[in-house]
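Undergrad: Predicted coordinates and the sequence they were generated for:
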Number of protein chains: 2
Amino acid sequence: MNIGEIARRAGVSRSTVSYALSGKRSISPATRARIQAVIDELGYQPSATARALSSGETRTLGLVFPPAGSHYTDMQLDFIGSLVEAAAGFGYDVLLAAAVGDGQQGLRRLVAERRVDGAVLMEIRLDDARVDYLAEAGFPFVTIGRTGEPERTRWVDLDYTALVRSCVTHLVQLGHRRIAFVNRSERLFHAGYESAHRSLTGFERACAEYGVVGTAHLCGDDPASGEDAIGRILAADPGTTALVTVNEAALGGLYRGLAARGRAIPGDFSVTGIAAGRWATAVTPQLTAADVPAIEMGRVAVELLLELLATPDVPPRHVLLTPPVSLRASAGPAPASDD
Amino acid sequence: MNIGEIARRAGVSRSTVSYALSGKRSISPATRARIQAVIDELGYQPSATARALSSGETRTLGLVFPPAGSHYTDMQLDFIGSLVEAAAGFGYDVLLAAAVGDGQQGLRRLVAERRVDGAVLMEIRLDDARVDYLAEAGFPFVTIGRTGEPERTRWVDLDYTALVRSCVTHLVQLGHRRIAFVNRSERLFHAGYESAHRSLTGFERACAEYGVVGTAHLCGDDPASGEDAIGRILAADPGTTALVTVNEAALGGLYRGLAARGRAIPGDFSVTGIAAGRWATAVTPQLTAADVPAIEMGRVAVELLLELLATPDVPPRHVLLTPPVSLRASAGPAPASDD
DNA sequence: ATCGCTGGTCGAACCGGTTCGATCAGAAGC
DNA sequence: GCTTCTGATCGAACCGGTTCGACCAGCGAT
C-alpha cells in the first residue's frame, strides 16, 4: 500500500501519482480521476515518514513538557490543549519532549534528530539555557513566556508586572494598606522563572508607588504550602488584610489557612491574583483575578512559529497580553482598621 | 552532516558507520574509535526520520488528546505527563493527536500515515468507535479505561464500580441513609463514558445492598453545574446528608452550593468521591476520596503498549486498579435525623 | 601447503515518498 | 507544412538511514 502500488494499479508512474496528489504539476482530468479511484478503493494515505524524509519537513512541532512530578497547573494544560488544536488546524502534529533533568536532553533529541520543524518552550526562565541552545543552533522556536533579554526571540507572554500591579491597585482602591504577595516556590524563583520575578517586581513597584506596606512571600506549589504561607504572612504582620497571588496551585491552601485563622473572605481578608479562569471560578468564594488567556496564548504561539517556518527571515515578533482583572467575590473593602 | 559525511571523514563506508552505531556487526576497535572521534567532533546525530523510514519504526507513540473545549481534569494532565515520561524512559516520544470532531480524524491520521508505532486512547466509551477502528486495522493500541467488551483489548483502568461502592460503604458506616451521587455530564454519560456508567452501577448496587436511599444526578463538568446540582439534590430530597462524586471539575461548585444552603461539611453534610489526590487536598475541607493513581496508570499504559510492540502475539493483558479511599476531612458521622 | 572459517569491511538495494530534466504528442502560429 | 510551444507523463536521482550478500585477509586445523 505505497505509492508504487497505486501507480501500478492506475497504470501510471509513481511521479504522476505524486503530482496528482500534490497538484504541483498539471495532470489530465482522466488520469487524475483514475488515480483517485484507486486511492479511494485502497484507502491509501502517504507515509508521513517518507514524505518527511524527502521533503525535509516533518510537519510536526515540538513541545518541551514541564518536568514530571512538578505540579501542573490548569494553565499548562490549557496551553497544551490549545497548541495541539491550533497546530492541527494547520496540519501539524505536536510531539512532546519530556523535560527530564534540566530539560535539555529531550529538547536536544527533538532538534538534533530533526524530529520536528520547530519548537515551543514554556516555563521560561530569565536566563534560560534551552533558549540559548536553540538560538545558537538556529533552530526555529517560540516561547510562551520571555527571558530577561526578550528582544531577539519570538514569544507570547503575560505582562505579569502590569497584572500584579492591577491587583494591587484594585486592593488599594478598596482601602487595603497592608498587602502580602504570595509568589511561586523558592525553587522556581531561584531557578529564575520569569513570571515569578516579573510579578514580584510589579508588586514591589506598585506598593512603593501607592505607599502601602507590601511583604512578599515565596510559597510551594501545593495546598499545604499555601496554608503554611498564610501562617507566615499573619505572623510577620497580623495587620495584613489582603493578598495577591500568582500561585494557582497553592490557592486552595491559602483559603484554608485564612479560614483556619478565622479570617472570612472577603469580609476580613481579600484575595486576588492571576489564575486560569476555570480555577478562579472553582474556588469559594470565586477569585477576583486576572484570567490567564491560556487558550489564546497557545494559539498565538503556534501562529508565531508557523509564521517563522514559512518565512525564516521575518524579524522577531512578540505578543504581550494584559487581560483585565475579573471582579468576583474574593476581594472587598478593607475591614475597619485598629490603627 | 549525514552518515555519508561521517563515513567520508572517517575513511570508511556508510554501512560501516551504521554498524558501528548500532553494534549489529562487529567492527574493529581501531575503526570504531576513528568513527566515534568524527561523530564527537561534528556532534552528529542520525536523523530520526531516515531511521524511521528504513527501520519501519518511528519510536513514537500516539496519544489521542481529549476533545478540545472539554474541561480537562488534573487526572488527564497527570496521564499525559506520566505517559511522556515513561515513554521517554524507553526512548520513545509521544505525539499528540487532536481529537477534533468525533476524535476519529486525528487518530486516522496517526495510524494511516504511520506516524506512530502504537497508540494510547483515553476517555473511553463503553462502545467506542476508535477502539473498533484500531482493532479492525490491527494497529497496536492500549486504552486507559475499558469498553463494554474488555476481554479482547489491552487496558489499564480503575474499578469505578468498586471504588464508588467503597465510598458508599464508608458513608453508610458513618450512619448516612440518604445519599446522592453526582455523576459526570449528561453529554458524557449519553456518549457512553465508561467511568460514568460503571460508577453509577456501583452506586446503585451498593445502595440497594445496604438498603439506603440513593439518588443519582448528572452534572456538567464545571463549578457552576456543581452548584446547580446541589440545588437539585436538596430539592429532590432535603433529607440527603451525603454525596459521592466522580465529577472532579464540579467539586468546587458542590462545596459552594452546600455552603450557600448552610450545610457545613462535614458537620451537616458529607462529601466523598474519586479524584486526583492533588485536587482532593486542594479543596477545603480536604476531600475524603479514592485517589486516582494517574501517574501509575500512565506508566502501566506505556508498559503494556511497548510489550505489545515487542511481541505482537502476546495475549491481551489488563490492569484493574482499586486504590483505597483516603480518609480526609470532608466526611463525618451523619447528623441527628429528624425521622 | 591447503582448506575453511571468521572478523571486518564494502557496495548495493531498499524504505516510500518528492522533484528535476527529458520526452512526446497535439495544438497553435505563420 | 514546418516550427514552436504547452500540457501530460515518465524515468531517475535524491532524502538519510539500515541491512543483506559478497569479498578479502588472516588464522587455525589437518
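TA: On my side now, so go ahead. From a predicted model like this one, the values you see are computed outputs, not experimental measurements.
Undergrad: just checking, A:Q36 touches A:L21?
TA: No: with contact defined as C-beta atoms under 8 Å, A:Q36 does not reach A:L21; the gap is 9.3 Å. (Each C-beta comes from the backbone N, C-alpha and C, glycine too.)
Undergrad: For these two, indicate the residue with more neighbours.
TA: More crowded of A:Q36 and A:L21, by other C-beta atoms under 10 Å in any protein chain shown: A:L21, with 18 against 14.
Undergrad: isn't the more buried one right up against A:P46?
TA: Yes: here A:L21 reaches A:P46: they are 6.9 Å apart, a contact under C-beta under 8 Å.
Undergrad: Contact residues of the stretch 51-200 of chain A facing DNA strand C?
TA: Counting by C-beta under 7 Å from any atom of the strand, the stretch 51-200 of chain A comes close to DNA strand C at A:51, A:53-55.
Undergrad: Let's see which of those residues end up in helices.
TA: If you go by DSSP state H, these have A:51, A:53-55 in helices.
Undergrad: Output the set of residues of chain A in proximity to DNA strand D.
TA: Residues of chain A found near DNA strand D (C-beta under 7 Å from any atom of the strand) are A:11-16, A:19, A:25-32, A:53-54, A:56.
Undergrad: Buried ones among those residues?
TA: Neighbour counting over the residues of chain A next to DNA strand D (16 or more other C-beta atoms under 10 Å in any protein chain shown) leaves A:12, A:16, A:19, A:27, A:31-32, A:53 as the buried ones.
Undergrad: Restricted to helices, list those residues.
TA: Per DSSP H, these map to helices at A:16, A:19, A:31-32, A:53.
Undergrad: Please name the nearest non-neighbouring residue to A:C219.
TA: Once flanking residues are discounted, A:C219 sits nearest to A:A229: 4.2 Å by C-beta to C-beta, 6 or more residues apart in numbering or on different chains.
Undergrad: in the one helix or strand that neighbour maps to, what's buried?
TA: Using DSSP states H and E, A:A229 falls within helix A:223-236. By 16+ other C-beta under 10 Å, the buried positions in helix A:223-236 come out as A:223-230, A:232-234.
Undergrad: just those residues that are near DNA strand C?
TA: Among the buried residues of helix A:223-236, proximity to DNA strand C is found for none (C-beta under 7 Å from any atom of the strand).
Undergrad: which among those residues gets closest to B:A135?
TA: Using C-beta to C-beta, A:P223 comes nearest to B:A135 of the buried residues of helix A:223-236, at 41.8 Å.
Undergrad: The closest one contacts A:G257, doesn't it?
TA: No: between A:P223 and A:G257 there is no contact, the gap being 9.2 Å when judged by C-beta under 8 Å.
Undergrad: so where's chain A uncertain?
TA: Across chain A, residues meeting the criterion (pLDDT under 70) sit at A:67-72, A:100-103, A:337-339.
Undergrad: can you give me the strands in it?
TA: A:60-65, A:93-98, A:118-121, A:141-144, A:155-158, A:178-182, A:213-217, A:242-245, A:270-276, A:288-292, A:318-321, A:325-326 (DSSP state E).
Undergrad: a markdown table please, covering the ones you listed and showing distance to B:P285 and mean neighbour count.
TA: A markdown table is the format used below for the strands of chain A (distance: least, C-beta to C-beta, whole Å; neighbours: other C-beta atoms under 10 Å in any protein chain shown):
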| stretch | distance to B:P285 | mean neighbour count |
| --- | --- | --- |
| strand A:60-65 | 33 | 26 |
| strand A:93-98 | 35 | 25 |
| strand A:118-121 | 38 | 24 |
| strand A:141-144 | 35 | 27 |
| strand A:155-158 | 32 | 24 |
| strand A:178-182 | 21 | 26 |
| strand A:213-217 | 24 | 17 |
| strand A:242-245 | 21 | 29 |
| strand A:270-276 | 18 | 26 |
| strand A:288-292 | 23 | 26 |
| strand A:318-321 | 36 | 15 |
| strand A:325-326 | 26 | 16 |
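Undergrad: Of all these, which one is nearest B:A137?
TA: Short answer: strand A:93-98, nearest of the strands of chain A by C-beta to C-beta, at 18.7 Å.
Undergrad: Neighbouring strands - and their directions - for that closest one?
TA: Sheet pairing of strand A:93-98 (DSSP bridges) gives strand A:60-65 (parallel), strand B:93-98 (antiparallel).
Undergrad: Contacts only, for the closest residue to A:M297 other than its chain neighbours.
TA: Distances taken as C-beta to C-beta, 6+ apart put A:V156 closest to A:M297, at 5.1 Å, once the chain neighbours are dropped. Counting by C-beta atoms under 8 Å, 6 or more residues apart in numbering or on different chains, A:V156 touches A:142-144, A:297, A:300-301, A:304, A:318-321.
Undergrad: Same check on A:E248?
TA: A:73-75, A:273-276, A:279.
Undergrad: okay, these in TSV with distance to A:C219 next?
TA: Listed next are these as TSV, based on distance: C-beta to C-beta, whole Å:
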residue	distance to A:C219
A:T73	14
A:D74	17
A:M75	17
A:G273	12
A:I274	14
A:A275	14
A:A276	18
A:W279	16
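Undergrad: Now the two most distant members of the residues you listed.
TA: It's A:D74 and A:G273 that sit farthest apart of the contacts of A:E248, by C-beta to C-beta, at 13.2 Å.
Undergrad: State the number of residues packed around A:E57.
TA: A count of nearby residues for A:E57, using other C-beta under 10 Å, gives 13.
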